[in-house]
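> Return atomic coordinates for the entry below.
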Amino acid sequence: MNVLMVDQYGQTGGAQKCLLDLIADWPRDGNLVVAAPEDGTLLRSVRDSGFLAEPIPSGPYASSRRRAFDALWFCGDAVRQRAILRGLIGRYRSDVVYVNGPRVLLGAALAAQGRCPVVFHAHNNLQRRSDLAMVKFALGRCSSTVIACCEHAGRGLHASIVRNGVPDAGYRLRRYPPEGAWRLGIIGRISPEKGHLLLIDAVQLLNGEGYRIALTVAGASLFGSNEYEKEVRARAEGLDARFTGWVENVGETLSDLDLLIVPSTAEPGLPRVVLEAFSAGVPVVVMPTGGIPEAVRDSVTGFLVQGSAPADLAERLRSVMGGSPADLERVALSARLEWENYWNVERWRSEVMRVIQSAAKGPLPVSDWLAASAEASGGHPAAPVRACGRGAPDANA
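This is a model prediction of the structure:
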């Protein structure tokens, strides 16, 4: 099977780590080519894995006050992407094009039109109507299959749900309460919707009550402006806070934490770091936004915050840190067992591979695809594998 994979970013964020996980155990009986922007580590990682990597133009489109200019830039990129990708499809005789982000979907769909099917993997919910309309338009230009990492990300796309899975981040049994300060951490891209300021304000409230907290902030601005990161660093002055920058080995960072905090106020998908914490035995305290409630069950695999204010987060942290050590250990073990049974990368990779293979060979009937996915996964711990909306894995959106 010959596959062309297309990504919208060169920097290695969550979706790009998914792509690298997917090719980590890729069969060597065909051509696998990854096309993405050159500005970052993604293509280098692909080449280091022994696969072909080709650069394409994509953005950046970061100017919200110059949307007309960005729209023209996007259209120009789509035209250039079409030419490059169409050449790659012909050169490597691609059976299917796997698209790992919406910004490159139009160029990929136009390139694949009349030549091979497209599998679009949605990692984030498309909140703007214009973005959703563009994606639907692109999918309508070709034979398309849509999968999403969670139900939240699949809304409006008639997608089938293939929930995320991650490699083992290294389980370690923790004893509570810890000796000395509680080591709290937030890991990932530093941007307003991730809730860093909310966490810092909550920690300040708890410090005022006498709690000893050492805060680790692991991550960087990545795809946008660094103004928010500057504000986060300024607000954290006076706290016992450590900024590590972007971390490639999340397991090492998790090994030093007592609790992982995910205070996202508008989470667009299902963050990998939540599942990585499951595997590492780090209890998670999370806001129930985006796809997070699809993985975290309160007081079973983690702790949900009720409310969106710093005082609400502080109240939940207070109850967790002041609660029974046995409850924390039980939740950590329960999350680890669910990772072993469901949230592991092998299950996820198998399901995504099945979709790609099915698209390359021609679509399976919906009932057959869902039955095969459910059999492979053993069933989701909270809900069965199912199609999202009226569509099916092979439906044109």
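
> need the strands for this structure, in chain order.
Assigned by DSSP state E, the chain shows strands spanning 3-6, 32-36, 52-55, 96-99, 118-122, 144-148, 160-161, 182-187, 213-218, 241-245, 259-262, 284-286, 303-304.

> Need these in CSV (columns: mean pLDDT).
Formatted as CSV, the strands of the chain follow (pLDDT from 0 to 100):
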stretch, mean pLDDT
strand 3-6, 98
strand 32-36, 98
strand 52-55, 97
strand 96-99, 98
strand 118-122, 98
strand 144-148, 97
strand 160-161, 96
strand 182-187, 98
strand 213-218, 98
strand 241-245, 96
strand 259-262, 98
strand 284-286, 98
strand 303-304, 98
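
> Using CSV, lay out those strands together with mean neighbour count and distance to Pro325.
The way it works is simple: take the backbone N, C-alpha and C, and place the C-beta from them, glycine included. Shown next, in CSV, are those (neighbours: other C-beta atoms under 10 Å; distance: least, C-beta to C-beta, whole Å):
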stretch, mean neighbour count, distance to Pro325
strand 3-6, 28, 45
strand 32-36, 24, 45
strand 52-55, 17, 48
strand 96-99, 28, 45
strand 118-122, 26, 40
strand 144-148, 27, 38
strand 160-161, 26, 36
strand 182-187, 23, 12
strand 213-218, 21, 17
strand 241-245, 14, 25
strand 259-262, 26, 13
strand 284-286, 25, 16
strand 303-304, 20, 14
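
> out of those strands, nearest to Thr12?
Closest approach to Thr12 among the strands of the chain is made by strand 32-36 (10.0 Å; C-beta to C-beta).

> who does that closest one pair up with?
strand 3-6 (parallel), strand 52-55 (parallel) (DSSP bridges).

> Name the residues that touch it?
Under the criterion C-beta atoms under 8 Å, 6 or more residues apart in numbering, residues 2-10, 16, 19, 23, 26, 42-43, 46, 51-56, 58, 84-85, 88, 92, 94 lie in contact with strand 32-36.

> excluding its backbone neighbours, what's nearest Leu20?
Nearest non-adjacent residue to Leu20, counting by C-beta to C-beta, 6 or more residues apart in numbering: Ser45, 5.7 Å away.

> And Val262, by the same measure?
Val286 (4.2 Å).

> Gly107 - how many residues pack around it?
The number of residues packed near Gly107 is 29, by other C-beta atoms under 10 Å.

> Contact partners for it?
Gly107 neighbours (C-beta under 8 Å, 6+ apart): Val6, Ile56, Asp77, Ala78, Val79, Arg80, Gln81, Arg82, Leu85.

> Chain neighbours aside, what residue packs nearest to it?
Using C-beta to C-beta, 6+ apart, the closest residue to Gly107 is Gln81 (2.7 Å).

> Look at that neighbour and say how many residues are nearby.
Residues lying near Gln81 (other C-beta under 10 Å) number 25.

> ditto for the one 10 residues further on
Other residues near Arg91 come to 13 when the count uses other C-beta under 10 Å.

> can you check Val355 too?
Counted with other C-beta under 10 Å, residues neighbouring Val355 total 24.

> wouldn't it be in contact with Ala159 here?
No. Between Val355 and Ala159 there is no contact under C-beta atoms under 8 Å: 10.6 Å.

> No more questions from me, cheers.
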